[in-house]
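Asker: Here's my sequence, what's the structure:
(chains A and B)
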2 protein chains.
Amino acid sequence: MTAITPRPVDAVIAAARELLGERLSTNATVREQHAKGEDSTTPTLPDAVAFVRTTEEVSRLLALCHRHDVPVTPFGAGTSLEGHVNPVRGGISLDLSQMAAILEVNAEDMDCVIEPGVTRQQLNEHLRDKGMFFPVDPGSHCTIGGMVATRASGTNAVRYGTIREQVLGLEVVLADGRVIETGGRTRKAANGYDLTRMFIGSEGTLGVVTRVRLRLHGIPEAMSAAVVQFDALEGAVQSVIEVMQMGIPVARIELLDDDMMAACIGFSKLEGYAVRTTLFLEFHGTDAGVREQAEAVEAITAGHGASGFQWATDPAERAKLWKARHDSYWAGIASRPGWKALTTDVCVPISRLAEALVGAKREAQALGHPTCIVGHVGDGNFHQMVLYDPADPQGLERAWDMDRRIVERGLALGGTCSGEHGIGLGKREFLEREHGAEALSVMRGIKQALDPKGILNPGKMFRN
Amino acid sequence: MTAITPRPVDAVIAAARELLGERLSTNATVREQHAKGEDSTTPTLPDAVAFVRTTEEVSRLLALCHRHDVPVTPFGAGTSLEGHVNPVRGGISLDLSQMAAILEVNAEDMDCVIEPGVTRQQLNEHLRDKGMFFPVDPGSHCTIGGMVATRASGTNAVRYGTIREQVLGLEVVLADGRVIETGGRTRKAANGYDLTRMFIGSEGTLGVVTRVRLRLHGIPEAMSAAVVQFDALEGAVQSVIEVMQMGIPVARIELLDDDMMAACIGFSKLEGYAVRTTLFLEFHGTDAGVREQAEAVEAITAGHGASGFQWATDPAERAKLWKARHDSYWAGIASRPGWKALTTDVCVPISRLAEALVGAKREAQALGHPTCIVGHVGDGNFHQMVLYDPADPQGLERAWDMDRRIVERGLALGGTCSGEHGIGLGKREFLEREHGAEALSVMRGIKQALDPKGILNPGKMFRN
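Answerer: Residues are numbered from 1 along each chain as shown, chains lettered A, B, ... in the order given. Below you'll find the predicted structure:
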């Protein structure tokens, strides 16, 4: 036997095992679970998975990796759709899911401090009897740390904004293990560079978020939901455009095309709805305000070929409706057993939404694969799901081609390749296209300033 | 006569004169006009003032200054209260006030593109017949470029957010003359580092903003204003805290203490109001919504010793009220002819507002100088004006001491030294205190990455 030169990662693993004990795992199954997210990327095994529990542990682990030039890929719930958690250069998968404490809830200032592994469901469960809620709701059971990393949003963003608007401050461990705090407790501040916003959406490439201070919102006095169905996609989209242009403060306005409705009716046992293009709406406010908003929206939709409102005022019925909406991704996949899905994330200015959506649907249908659309249409953002047969060697390739064409169309309409899923691996080619070489060089300059050795989530966002 | 070694700035001046002709001025009066803002700093003459008109001119001028290591201090309307436009290291004062075109207004997407020299008044005048408005309204006739640079806000921020929430994208000239675009046209995006937010609030130290894409808002269907007066400061502050905690979506909720009311009644000829602590309120929404909000606020204030609402529903009366509010800074100064004013800008979590405000007022009164308070209290932000006699050699010094003590109290309550005026020269000592040495080193790292020669507004924000 020849001697094997020890790899840098082995030194990290040895030291990390002293730090974390059994929470440093090189078990094959654990590594496989951290080899990719819910995306369609080719899995890559990390050399080890570190289940951290404290900021101190993150700090010491990053200092170690920094010293030995070992890549670190942060991992939350593994729900990324763009390859963010795929450790493409190996090294350590830094699993933050056990850092899931809710550390403070301040009713007076309507804010809270949480660890990054807390999910939105856990937080809202905790807040329920306090009269407050946290509005950002991506479809999955993702962690709030992951939501910060990808600048996530969801169905309420049209009214409450994305995670960007909810974060008051962060605790971040830098690449070399130093710990900083950003932001503060005030509603606004003009006190230096906006480091909070710099880390939001940086996809784990600039630092590891270990605490988040969030704004909370009061549960509205009145809430009601409604479903309205249309003969044609165009009528639904035109309704949305008009609602937004009139400034009606809808809390949610979500579009499901006929294919998606078919999938959801089957998957979520929705009764009483037709297989037609549908808007799911929610209104928040006072009793009178909610009524006013709903009446205004009803009038608009009636003008665009809608066939009347169906109300869901009962809390259980509302909950069922939104659960169906949140499960639509799974409904889409379940509509063709054995097949997988690629999901686009284009976002366009609201005036161009009809062109983007109708064009995307027409093009996707021509592919011959099952496809369906769900969209946060009030923000101009929609997801075209394109299913593919993993047994078909060309299936994924064709789906990617379709994704690219839909993005191209979105960009041509003044939009972006990603409204909320992020760049990760899947959208890197578009980053430069959207921002231009000089702006990208500024981003690279920031990356270089914060992570000169390039150990934090390497290979993501930038094509090297 | 001995030969004088040519200074680097002379080379820049010679080349800039070829570029700009008479718009490159070394005239003593022009230089004096660019030696400081509306602050209390010691004026510094720039070597020359460049009145630029195009991005191309800014780009070529910055490339020149970069080559010759000559400082550049951007200048808008000169309304900074923290020394931002004081060219403390000489060099070029870059006057952007002639870049004042409104380039696009898109009613469908409710956005616009403007040059940085446009003031909020100019923009709103332009928008008036289009049913839209731009909500950010600092007290002065400042430029929107300056507002972007200082992360400005104003009276509407409690409802509409600060400039940070209004900017969709920027065109920025970098230190070496390269031009980049940030952001885009969509309401949200998860497409790379948030360069837009990095430049907002960077006070001209990272780049020069040459175009701004702004979100606009629909003029509400109904608006009404009200004035409510209190026996004691505490009652007014407790009312504000309760309004915010109940989530009533007031458009404006501004506090003027008794001293400020006395000044405004005299300066703005306000009739029918007593010299007492006063809240100025505005409600936006539908007819019913505005009525609901006002009734809820009236009930809250009645519970805290208020003596009834006085309505200002007539547009002319409303305009007079808000003009008086916006002129309060001038009213404060005019209350003691010949004296000048220092203005604090502390912002605290809403739950600590009473302690911060009442404490600041008590302390300022003990100084023996005329003082008065005006505040964006819904955001936890207030300005304590401390007047001083410029003929008194210790006057300014005592005012600064007071400012420092008020900031110290704000920081101890979890607040920040600046809610909206920025760091500039005046608040540099607090930047490190608030963020800590490590976070400050990250800010310096960003500065170094974007402006390695340190030519952009040197001496500001950081103490070197």
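
Asker: per the record, what domains does chain A have?
Answerer: As given by automatic domain parsing, the domain ranges for chain A are A:8-95, A:102-218, A:222-412.

Asker: Confidence-wise, which of these is weakest overall?
Answerer: Least confidently modelled of the domains of chain A is domain A:222-412, at a mean of 94 by mean pLDDT.

Asker: just to revisit the earlier point, can you list the domains of chain A in TSV and add distance to B:Val250 and mean neighbour count?
Answerer: In short, each C-beta sits where N, CA and C put it, glycine included. Shown next, in TSV, are these (distance: least, Cβ to Cβ, whole Å; neighbours: other Cβ atoms under 10 Å in any protein chain shown):
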stretch	distance to B:Val250	mean neighbour count
domain A:8-95	37	20
domain A:102-218	13	23
domain A:222-412	14	20
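
Asker: all helices of the stretch 101-250 of chain A, in order?
Answerer: Listed in chain order, the helices of the stretch 101-250 of chain A (DSSP state H, counting those that start in this stretch) span A:120-127, A:144-150, A:157-160, A:163-166, A:195-199, A:233-245.

Asker: Export those helices as a markdown table, with columns for distance to chain B.
Answerer: Shown next, in a markdown table, are these (distance: least, Cβ to the nearest Cβ, whole Å):
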| stretch | distance to chain B |
| --- | --- |
| helix A:120-127 | 14 |
| helix A:144-150 | 6 |
| helix A:157-160 | 6 |
| helix A:163-166 | 7 |
| helix A:195-199 | 4 |
| helix A:233-245 | 7 |
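
Asker: I'd like those helices as JSON lines, with distance to A:Ile333 appended.
Answerer: Listed next are these as JSON lines, based on distance: least, Cβ to Cβ, whole Å:
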{"stretch": "helix A:120-127", "distance to A:Ile333": "20"}
{"stretch": "helix A:144-150", "distance to A:Ile333": "20"}
{"stretch": "helix A:157-160", "distance to A:Ile333": "24"}
{"stretch": "helix A:163-166", "distance to A:Ile333": "25"}
{"stretch": "helix A:195-199", "distance to A:Ile333": "32"}
{"stretch": "helix A:233-245", "distance to A:Ile333": "22"}
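
Asker: Of all those helices, which one comes closest to B:Pro135?
Answerer: B:Pro135 sits nearest to helix A:163-166 of all the helices of the stretch 101-250 of chain A, at 15.4 Å, using Cβ to Cβ.

Asker: Figure out how far stretch A:45-53 is from the centre of its chain.
Answerer: The chain centre lies 22 Å from the centre of stretch A:45-53; the measure is Cα atoms, centre = their mean, to the nearest Å.

Asker: So which residues lie in contact with it, not counting its own?
Answerer: Stretch A:45-53 has contacts (Cβ atoms under 8 Å, 6 or more residues apart in numbering or on different chains) with A:7, A:9, A:12-13, A:16, A:20, A:23-28, A:30-35, A:57-58, A:61, A:70, A:73, A:75, A:87, A:90-99.

Asker: circling back: so which of the helices of the stretch 101-250 of chain A comes closest to B:Gln448?
Answerer: Using Cβ to Cβ, the nearest of these to B:Gln448 is helix A:195-199, at 14.8 Å.

Asker: For A:His383, give me its contacts.
Answerer: When contacts are counted by Cβ under 8 Å, 6+ apart, A:His383 touches A:329, A:343-345, A:373-375.

Asker: and it, which of the three is it?
Answerer: Three-state assignment for A:His383 (DSSP: H, G, I helix; E, B strand; the rest coil): strand.

Asker: how much space is there between it and A:Val136?
Answerer: 17 Å (Cβ to Cβ, to the nearest Å).

Asker: now A:Pro6
Answerer: Distance of A:Pro6 to A:Val136, computed by Cβ to Cβ: 44 Å.

Asker: can you tell me which residues contact A:Ala16?
Answerer: Residues near A:Ala16 by Cβ under 8 Å, 6+ apart: A:24, A:48, A:50, A:61, A:64, A:92.

Asker: tell me which parts of the stretch 51-200 of chain A are close to chain B?
Answerer: Residues of the stretch 51-200 of chain A that fall close to chain B, judged by Cβ under 8 Å from any Cβ of the partner chain: A:106-111, A:150-153, A:157, A:161-162, A:164-165, A:174, A:178-182, A:184-195, A:197-198, A:200.

Asker: how far does stretch A:310-319 stretch from start to finish?
Answerer: 15 Å (Cα to Cα, to the nearest Å).

Asker: Give me the contact list for that stretch.
Answerer: Residues from elsewhere that reach stretch A:310-319 (Cβ under 8 Å, 6+ apart): A:223-228, A:272-273, A:282, A:320-321.

Asker: the strands in the stretch 1-150 of chain A, which residues?
Answerer: Assigned by DSSP state E, counting those that start in this stretch, the stretch 1-150 of chain A shows strands spanning A:24-25, A:48-51, A:72-75, A:92-95, A:102-106, A:111-114, A:132-133.

Asker: if we can go back for a sec, just the contacts of A:Ala16 now: which is nearest chain B?
Answerer: A:Leu61 (17.6 Å; Cβ to the nearest Cβ).

Asker: for the helices of the stretch 101-250 of chain A, which one sits closest to B:Leu256?
Answerer: Nearest to B:Leu256 among these is helix A:163-166; the distance by Cβ to Cβ comes to 29.3 Å.

Asker: same for that closest one, what does it pack against?
Answerer: With contacts defined as 3 or more Cβ pairs under 8 Å, 6 or more residues apart in numbering or on different chains; DSSP states H and E, helix A:163-166 has these neighbours: helix A:144-150, strand A:208-215.

Asker: which of the contacts of A:His383 lies closest to A:Thr210?
Answerer: Using Cβ to Cβ, these come closest to A:Thr210 at A:Asp345, 27.1 Å.
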